[in-house]
Structures are given as structure tokens and as C-alpha cells.
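*Asks:* All I have is the shape, not the residue letters:
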């Protein structure tokens, strides 16, 4: 049984309910269907960004390829056995111990690495004394070390430049996003979200290149320093027992000359098993013959 007070307001309530239902139904019929969601690939996002965005992405791809190239080159070249190969060390030890300095120079000339280039520079000044030899080795060692570090320094440049390229893409993407926002407001969220996606993608790509570039730079910097120290120690060891006083005036290199050393009368140690060349004039000598038939140097033949 409905109370009399509610019975009076019942027609108004029913009419209001009917009006609300009809309005809701009309709104549901007029509302457009939600667009089907679809995934936009990275290439589509770059293509929709225009020529400038495509140029920025070409620069990002170029820096990434360059970074990988330098990393591979450093892995292959910054090794102790590349800067100072063990077979080369053994050959130079034999030549220097036997007093065949011209032959040691020729061995260095035939090889292109840190050890050979530095030692070759020292051997060319052998007749000028110990200080001249050490100065030449230090000078060329610094030059060779600079050349080794130059390739690694490019990784640092890439680590600095790649975030800048990504930042440029970010700024251009934000300009496009604000242009969409100014033109259509928030009524077109798909276009706005696409521009924001370009912004985030460019920023992430720049950082994705910069982080491994910086890490590789510091890793290879330390590795190159250890390899250089190792090669310098070998050079110093090879030059340790050279009789500089006895070799005064000797010219080692392209214009070989025994100089005043041939007249010193000092015996030159020669190994029968390692050489048949005079360590003074580099002339052919029969093992056991003394003195040298070419320059008259006294030879101390050893087994």
C-alpha cells in the first residue's frame, strides 16, 4: 500500500525516470564507435615525422654504426700481443744479444707495431749514446701512444654528440606536439601521443648510444695504458745491455755505416747459431773467421 504523500509524487518520478532513460539511450546511439587500436611501428613513426626527423635518425644510426666499428677495432688492436708480439720480441732479443743491430733495425722496419716503431727510432741513434737513444724512444713512444689513443677518443666524442642529436629530435618532436595541441586541442589524442612518442624515442636512442660509448671509452683507455706500459718495459729491457760507448759513431738504418766503432778494437759478440753477418758492417762473415774481412772488426764468436 503506497502512502498518500508518495502517491502524489509518483507520476512526476516516473516521468523523470523515463526522460533520463531516453536521454541515456539517445547519447549511446549518437556516440561514435571507438577506433580500432593499432600499433605504430618505429619506422612508421620516423616516416610520419618528416624529412628533418628522418635526417636526425640517419645521424643517430650513423653514430651507432661508427661506435660499433671503433669498439671492434679497439678490441682487435689494443692487446699486448699486438703492440709487442712475442715472436718479434724473441727475434729482437737474439739480434741485440748477438750485436746485430742493423739486422734488428731491419726486423723492426719489417713490422708495423708499437714495439717495432719505437725500437727502430732508438736504434737509428745508437751511435749517439744512451741519452740520444732513450730520448728517441720516448719521443716516438709518445707519438705511437697518441695515435693509439686517437681512435679511442672518438668514442668519447660519440658519447657527447649522440645525446645532443637525440635532444634535437626531442625539441623538434615537442614543436610538433605543441602544434597539434594548438590546432586540435585534446580532441585528437592519437596525433598528440604520436608526437610525444617521437620525442621519447629520439631521447632514448641518443642515450642508448651514449652510455655504451662512454663505458667503452674508459675501458679501452685503461687497456691501452696497460698495453703501452708493457711495450715500453720491453723496449727498455732490450736496450739495457747495449755497449753504447763501443758503438760511438755507428749509424744504423738506411745509411748504415760502421763509423768510428770499427777502429775501437773492441770485440763484437757474434753467435754462430744466429748470424753470419758482421754486427759492425753487416757484411757476410763465415762463422769462426776473425777479424771481419770487410771492416776489420774483432769478432767474439760464441756457440
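*Replies:* Received the coordinates, thanks. Since the model is a prediction, treat every value here as computed from it, not as a measurement.
*Asks:* Identify the residues contacting stretch 60-73?
*Replies:* Applying CB atoms under 8 Å, 6 or more residues apart in numbering, the contact partners of stretch 60-73 are 151-152, 154-155, 158, 161-162, 165-166, 169, 202, 205-206, 209, 212-213, 216, 220. Just so you know, the C-beta spots here come from the backbone N, C-alpha and C atoms, and that holds for glycine as well.
*Asks:* Tell me which entries of those residues lie within helices.
*Replies:* 151-152, 154-155, 158, 161-162, 165-166, 169, 202, 205-206, 209, 212-213, 216, 220 (DSSP state H).
*Asks:* so how far is residue 64 from residue 161?
*Replies:* With distances taken as CB to CB, to the nearest Å, residue 161 is found 11 Å from residue 64.
*Asks:* Can you list the buried residues in the strand or helix carrying residue 66?
*Replies:* Counting by DSSP states H and E, the element that carries residue 66 is helix 51-77. Within helix 51-77, the residues scored as buried using 16 or more other CB atoms under 10 Å are 53, 56-57, 59-60, 63-64, 66-67, 70-71, 74, 77.
*Asks:* Just give me the closest of these to residue 147.
*Replies:* residue 77 (10.6 Å; CB to CB).
*Asks:* and the closest one, what does it touch?
*Replies:* Per CB under 8 Å, 6+ apart, neighbours of residue 77: 148, 151.
*Asks:* Quick check: pLDDT value at it.
*Replies:* Residue 77 carries a pLDDT value of 87.
*Asks:* List phi and psi for residue 249.
*Replies:* Phi and psi for residue 249, reported as degrees, to the nearest 10, are phi 90, psi -10.
*Asks:* So it versus residue 291, what's the distance?
*Replies:* Taken as CB to CB, the span from residue 249 to residue 291 is 18 Å.
*Asks:* now residue 252
*Replies:* Look at residue 252 and residue 291: by CB to CB, they are 20 Å apart.
*Asks:* do the same with residue 219
*Replies:* 56 Å.
*Asks:* Then residue 108?
*Replies:* Taking CB to CB, one finds residue 108 at 28 Å from residue 291.
*Asks:* Would you mind telling me which of the two has the busier surroundings?
*Replies:* Set residue 108 next to residue 291 and count neighbours by other CB atoms under 10 Å: residue 108 wins out with 24 against 17.
*Asks:* OK, contacts around the more buried one?
*Replies:* 92, 115, 116, 117, 119, 120, 123.
*Asks:* swap the cut-off to 10 Å and go again
*Replies:* 88, 91-92, 95, 115-124 (CB atoms under 10 Å, 6 or more residues apart in numbering).
*Asks:* ditto for residue 228
*Replies:* Contacts for residue 228 (CB under 10 Å, 6+ apart) come out as 78, 80, 83, 84, 114, 118, 141, 142, 144, 145, 148, 149.
*Asks:* Next one, pLDDT for it please.
*Replies:* 93.
*Asks:* Could you report the distance from the residue nearest to residue 129 when sequence neighbours are not counted to residue 216?
*Replies:* Among residues not flanking residue 129 along the chain, residue 244 sits closest, at 5.4 Å (CB to CB, 6 or more residues apart in numbering). Distance from residue 244 to residue 216, counting by CB to CB: 43 Å.
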